[in-house]
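>>> here are the coordinates; sequence isn't available:
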């Protein structure tokens, strides 16, 4: 009977039954594959494939099938392959770990074939007419392709083990050391403990699985496992300590051990090589030979016995196991004898005897792992540890090398070495000779593989510091050993902290990023206490320490916030870390802590304010805004809150906040911030802080006031700056021992408007002028600031002096006289020679002011005062310009002040308008026609005319105008017109064409003096 679509209901039922069963089987196989412990990556990949198939089958179950018979056949094929996979998985979850790694290639090949076949089956699913989504069809196609191409390969470690097993079987390895390494390699790969009991138990299970293979009549597997078991059974690692002790005592006590080795029996020698045999084999004649020797004899075509010459009935060779065992026992007996014989030598006082014994023991230790046990059983480890205290460098070095060899893959020896007190002595050797240090770090690395001993190593004072230092050694192996040892020690948090204190931050940064919360707090707390260098701070940032610290202050608990904030405060003092911290989002949580109205611990707020201050001050070096990504700090609300907090906080927080506000406002592109602060009443708010008792508050407040009163905003400051604050500022100029504080104070005075005569009077009454003059050439003292601060101090002082020398003052002569009486002029001349370009500009300007008054003062000095003047002593010779008895303090004469030469030299300084200011000052000498010739002569003698001509080409617009004006007066004198006219000709012609409106006609006038242009030229 058929349904409406023509489908057979029975067929649909069978299809549904298969599909339901399939889903269950696939899901079961998927779960089982996840539980395989060996080659887990491969089985996880299989599990993912099965999961994808299950999802596809579930979707197919919800669709109408146009070909249920075809679908049923395909599903049954997949079911068969899934059953095969389940069988392989069941074996892999039931067999021993040793068995699985030995057979992993075979299992993986089966899984690979199954996966390929399932991929082909997917291609056979009849999807036409099923109304599947395009995405589903694409998923099926990709899954089918991936499964058909899938490769299941053993891991690198497993492949290396299989290669070593096959090599050992092929070469008939009998070396116990080879077996030891192989057995331990297998155990580590599959996660089996390497103690003798666990290894023996696993090997016993493998033996039972071998017998199981024989019971299943799987001869190939039986023989393979038999060969592997024979190979691994030679390992000493499966022998317990008590068994090793019994075996050794048996060999040691079997006679002849008192220093006299037993001679070999004649039968131990090979008749061909005449050497003691390693692998004796017997041939058909009954004679025994070394395997390699007899095989070479036979391969050469010989068919007779080398000894009896009898023709051999068979060329077969058989191992002579009895003789081999006898030779082995003889060798071991003599080794035990030689080990025992070294003890008296080790206790000798002869360096040569001790070293001979050490080298004998090292050779034996390197030869076989069992010998390491025998050396320990002979009680030699305490003797060796005592030798580490020897005064002989070679003895200590060779002892360290032997102890390292004895500890390799030997837990008992490691424990014995540590118990004998070796660790402190070995650490001491780290700081000695390079070769000795190399052996010491190698021994410690080996010992540190034992967790308990590793703990003891970390507790030895100075050990971690020495290891960190060794990371810079020239020997690559020493560096590798030190790094591995540090990594082992890093399992202890306190060791990680010590590493950080030694400037090795990798483990600490890793703990901050990946450790549990309490560990992160421990690491952050340690960082907050460390005295980090700038290089250390940069290293921590480069290793990713900053983002987790920022996260801790954002979402952590109070203890976490406190620790992280202390660390960030420490790291934020490096300007280069500023950008990293801001990118990590440090600003918002810091502001939240600062503005919190809840009971936040005061130290948290202090550290938050300090960190913000550090970041802001770093911005002054970077030249960019502190939060140029989000502009959070520049918002009106934030600035208002920061200013408001100043009055509510204690001195420590006030100081940090002032530093933060200073950093925010000090950079050139922060004009808007400065404007907002002024509009928010910052100047009035800051004035009281200028008298704060603590300089941590006072200095940043003064510097911030200086910053905010710049850009022509001095009037706002003057409106609030009464006599009391002026006296306070002047007192700081006189009494402060720090250049920064003086610079900020005189800078505030410099920013006050010069046109405010009342302010000038207040300054005079407060004795500001002497204080300012004294700062023109700041002396270096114990609290002097860096050169940049001293330079800024001189710039501000010279700028502040201009209000007293300016010709704009109604009482200019009086003010200038007061300044001159304080030796201001010589100090300005010195500043002109030693100052920055800006200081030179201001010094030249002030000297120009003085010089403008010189002419009138010189005339007064030249008028006879009475008829009795003839009875006065002879007057000094007058100056070369004014011709009268000029002086620095009475006529402010530039010549007598020896200022002309420094002013000429300043003509070559173009920065900050120093050249123009010097030109202007020199120009004051040329104003009076009566003294013009003398003045030009003085300037010429100082080589000034050549530089004035040079400024026609390289000077600013103002400098060119002033230079043209001066040259017009200079070239009125024939001598200088002839000497410098030709040099000035081309620059002047250029100025007539390209100069300013004021410059062109004057340049043309000079050219007329030089007979280049006629007086009727259109330039006039």
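Cool, the structure landed. Source: prediction; values computed, not measured.
>>> May I have the phi/psi pair for residue 280?
Note on residue 280: backbone dihedrals following degrees, to the nearest 10 are phi -70, psi 140.
>>> and it, how many neighbours?
Using other C-beta atoms under 10 Å, residue 280 has 23 neighbouring residues. All C-beta atoms are positioned from the backbone trio N, CA, C, and that covers glycine.
>>> Skipping its backbone neighbours, what lies nearest it in space?
Leaving aside its sequence neighbours, residue 280 sits nearest to residue 320 (C-beta to C-beta, 6 or more residues apart in numbering; 4.3 Å).
>>> Please verify my assumption that residue 593 contacts residue 561.
Yes - Residue 593 is in contact with residue 561 according to C-beta atoms under 8 Å; the separation is 7.3 Å.
>>> who has more neighbours, those two?
When residue 593 and residue 561 are compared for neighbours, residue 561 comes out ahead with 23 against 20, by other C-beta under 10 Å.
>>> pLDDT wise, what is that one at?
The model reports residue 561 with a pLDDT of 92.
>>> Residue 598 too?
At residue 598, the predicted lDDT confidence score is 70.
>>> The stretch 351-500 of the chain: helices as residue ranges?
Ranges of helices in the stretch 351-500 of the chain, per DSSP state H, counting those that start in this stretch, are 351-367, 369-377, 380-387, 393-407, 411-419, 422-430, 434-447, 451-459, 463-470, 476-489, 493-501.
>>> contacting residues for the residue nearest to residue 280?
280-282, 288 (C-beta atoms under 8 Å, 6 or more residues apart in numbering).
>>> swap in residue 105?
If a contact means C-beta under 8 Å, 6+ apart, then residue 105 has 154, 162 as its contacts.
>>> Repeat the analysis, applying 6 Å as the threshold.
Contact analysis of residue 105 by C-beta atoms under 6 Å, 6 or more residues apart in numbering lists residue 154.
>>> please begin residue numbering at 20 from this point
With the count now opening at 20, the last piece we talked about shows up as residue 124.
>>> That one and residue 63: what is the separation?
Going from residue 124 to residue 63 by C-beta to C-beta, to the nearest Å gives 18 Å.
>>> Ok, residue 531 next?
31 Å.
>>> What pLDDT is listed against the residue nearest to residue 299?
For residue 339, pLDDT reads 91.
>>> Next: residue 502.
95.
>>> What is the neighbour count of it?
Applying other C-beta under 10 Å, we find 18 residues neighbouring residue 502.
>>> Please apply the same query to the one 10 residues further on.
By other C-beta under 10 Å, the residues close to residue 512 number 17.
>>> Give me the residue ranges of this protein where confidence is low.
20-42, 44-46, 48-59, 148, 269-278, 618-619, 637-653, 797-804, 877-897, 1032-1039 (pLDDT under 70).
>>> Would you map out the domains in it?
The record assigns the chain these domain ranges, following the TED database: 21-168, 175-258, 263-347, 367-511, 617-638+651-734, 740-876+900-914+926-945, 962-1038.
>>> Just put the helices of the stretch 370-519 of the chain in TSV and tack on distance to residue 603.
Shown next, in TSV, are these (distance: least, C-beta to C-beta, whole Å):
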stretch	distance to residue 603
helix 370-386	52
helix 388-396	52
helix 399-406	50
helix 412-426	44
helix 430-438	44
helix 441-449	38
helix 453-466	36
helix 470-478	31
helix 482-489	27
helix 495-508	27
helix 512-520	20
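>>> re earlier: out of the contacts of residue 339, flag the one nearest to residue 70.
Proximity of the contacts of residue 339 to residue 70 (C-beta to C-beta) peaks at residue 300, which lies at 56.8 Å.
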